[in-house]
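Engineer: How does the following fold in three dimensions:
(one chain, ligands or ions: 1)
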Amino acid sequence: MSSSVNLETQDAGTVRLTYGDQEIELPVVEGSEGERGIDISVLRGTTGLVTLDEGFVNTGSTRSAVTFLDGEKGILRYRGYPIEDLAKHCDFVEVAYLLIHGELPSPAEAANFRSGIRHHTMIHEDMRSFYNGFPRDAHPMAILSSVVGALSTFYQDSMQVDDPDQVEISIYRLLAKLPTIAAYAYKKSIGQPFMYPNNDLDYCENFLHMMFATPAHDHLVDPDFAEALNLLLIVHADHEQNCSTSTVRMVGSSNANLFASISAGIGALWGPLHGGANEACVNMLEKIAADGGNVKKYVDMAKDKNSSFRLMGFGHRVYKNFDPRAQIIRACCDKLLAKLNIDDPLFHVAQELQDVALEDEYFVERKLYPNVDFYSGVIYRAMGIPVQMFTVLFSLGRLPGWIAHWKELHATPGKRIYRPRQIYTGQNERTVVPIENR
Ligand code: ACO
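Structural biologist: So this is what the prediction gives:
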């Protein structure tokens, strides 16, 4: 497929590993922001040892030029641009272009990209009938993942992973159709007719139109909601090698097509420890509010090692200081609620929870701060988005990041299938006893 990308690292010396009477020197590579990693690719071949890192807490799975984040300093940059600058100066479609193509678009490139997306916003009429088969209470993430997977049944003309033209058209189809697929999942759940996309509207307005208009009643999209959605999609657009992106890369590494890879990524994002946390967070806030707003009780429960309860929307594998995305969203949340004069009791619970948790030794010691999902739910609620759709909106935001990583993977010289090793802990060899003797 397309030209290869610059994934060069600097030589940063070696480390010497001694094990028994074996000694080996392993190269250390350094990335453009000074991060260093030991290249262990020859370790097993020369010593028979593999590395063990459950949960990939300390494993760099790839070199990547898409997103830089520094969890200690709370830095997040897409293609070198700070997330705060992008949120201030760009819309989501420009950010999608940046992630996928590596540079911000010129006005002509942006116009061309937008028009390419607009051209593909409708889904095949036969695909609409898929929705009849889903139960009405199906989770929209399950529908999203299924319908995106099914794109490969409709667009068999664009599945060659090594054909740049086919990949390009698949990218347009995904960016254009995901909002339509998502809005239809919602319409299905409430029994309303599906609304065709309106290509006179921009990306976020069009999504809100498909969510809230009906054939009997046009919906005037509130510009504040469209602006808030645009911001939320931008801050969710990429986050380097997170669980769903690693899934997209893992599936893509077998040369599975882009639709199949993204469908798998949607499945990974659904989990409550990942993108599903925004839904879980609002459910938790609702529960606390319904329980009289006793925040301390829930904080104590989160600290209790005999309880499996965790404060949803708190903590992050990488951010151990603050989550810059949470800061941007928090400001947007304050602005939106003040402007619309919304007094959401959940917001008060959220505020109180944050205050209690941030002062509590347990959370301070473990560096557990509110993450991106903590406030996004309150904004979505203000916009009238139902809770089950929260992670679906996260998917819309994350799509360009998934695509960028899938493309980068395929442009990597010497790309190989992802295939981790393991330390086997099962039974040693034993003999099968025939069933009549067991
Ligand atoms: N509430 C209470 N305690 C917590 C929380 C929490 N939300 N998060 C972590 N801890 C505690 C753990 O119990 C553990 O304590 P210990 O050292 O005494 O055993 C310590 O903090 C470290 O936690 P780990 O689970 O080891 O941290 P890990 O990096 O593996 O997990 C995760 C990160 C999954 C985000 C975790 O913090 C969590 O479950 N948070 C709640 C779910 C959530 O908000 N997820 C969204 C993440 S953002 C995203 O994906 C977009």
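
Engineer: List, one by one, the residues from the chain near the ligand.
Structural biologist: Within the chain, the residues that sit near the ligand (Cβ under 6 Å from any ligand atom) are 273-275, 277, 302, 310-317, 366, 368, 371-373. For the C-beta atoms, the positions are set from N, CA and C on the backbone; glycine is no exception.

Engineer: Run a quick neighbour tally on Gly211.
Structural biologist: Rather than Gly, residue 211 is Met. For Met211, the neighbour count with other Cβ atoms under 10 Å is 23.

Engineer: Poorly predicted segments of the stretch 101-250 of the chain, please.
Structural biologist: Judged against pLDDT under 70, the stretch 101-250 of the chain has no low-scoring part.

Engineer: Which residue does it have closest to the ligand?
Structural biologist: Residue nearest to the ligand within the stretch 101-250 of the chain (Cβ to the nearest ligand atom): Asn242, separated by 6.4 Å.

Engineer: got it, and the stretch 301-438 of the chain?
Structural biologist: Residue nearest to the ligand within the stretch 301-438 of the chain: Gly315 (2.4 Å; Cβ to the nearest ligand atom).

Engineer: so what's that residue up against?
Structural biologist: Neighbouring residues of Gly315 by Cβ atoms under 8 Å, 6 or more residues apart in numbering: Arg366, Leu368, Tyr369, Asn371.

Engineer: one more time with 7 Å
Structural biologist: Counting by Cβ atoms under 7 Å, 6 or more residues apart in numbering, Gly315 makes contact with Leu368, Asn371.

Engineer: And stretch 312-321, what's buried?
Structural biologist: Met312, Gly313, Phe314, Gly315, His316, Tyr319, Lys320 (16 or more other Cβ atoms under 10 Å).

Engineer: Output these as CSV; include the columns secondary structure, distance to Tyr81 and pLDDT.
Structural biologist: Output for the buried residues of stretch 312-321, formatted as CSV (DSSP: H, G, I helix; E, B strand; the rest coil; distance: Cβ to Cβ, whole Å; pLDDT from 0 to 100):
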residue, secondary structure, distance to Tyr81, pLDDT
Met312, coil, 30, 88
Gly313, coil, 26, 86
Phe314, strand, 28, 89
Gly315, coil, 27, 88
His316, coil, 21, 85
Tyr319, coil, 19, 84
Lys320, coil, 23, 80
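
Engineer: What is the nearest of the residues you listed to Ile40?
Structural biologist: Closest approach to Ile40 among the buried residues of stretch 312-321 (Cβ to Cβ): Lys320, at 24.6 Å.

Engineer: which residues touch that closest one?
Structural biologist: Gly71, Glu72, Lys367.

Engineer: Can you give me every residue that contacts Gly265?
Structural biologist: Ser244, Thr245, Thr247, Val248, Trp402.

Engineer: neighbours around the nearest residue to Arg173 once chain neighbours are set aside, how many?
Structural biologist: Leaving aside its sequence neighbours, Arg173 sits nearest to His120 (Cβ to Cβ, 6 or more residues apart in numbering; 5.0 Å). The number of residues packed near His120 is 19, by other Cβ under 10 Å.

Engineer: now do the one 4 residues further on
Structural biologist: When neighbours are counted by other Cβ under 10 Å, His124 registers 14.

Engineer: okay, the contacts of Gly265 in a markdown table with secondary structure next?
Structural biologist: Shown next, in a markdown table, are these (DSSP: H, G, I helix; E, B strand; the rest coil):
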| residue | secondary structure |
| --- | --- |
| Ser244 | helix |
| Thr245 | helix |
| Thr247 | helix |
| Val248 | helix |
| Trp402 | helix |
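
Engineer: Show the buried residues in those.
Structural biologist: Of these, these count as buried by 16+ other Cβ under 10 Å: Ser244, Thr245, Thr247, Val248, Trp402.

Engineer: can you name the two of the residues you listed that are farthest apart?
Structural biologist: Thr247 and Trp402 (8.8 Å).

Engineer: where along this protein do the strands fall?
Structural biologist: 10-19, 22-30, 36-38, 67-70, 75-78, 81-82 (DSSP state E).

Engineer: So which of those is the most surrounded?
Structural biologist: strand 75-78 (a mean of 22; mean count of other Cβ atoms under 10 Å).
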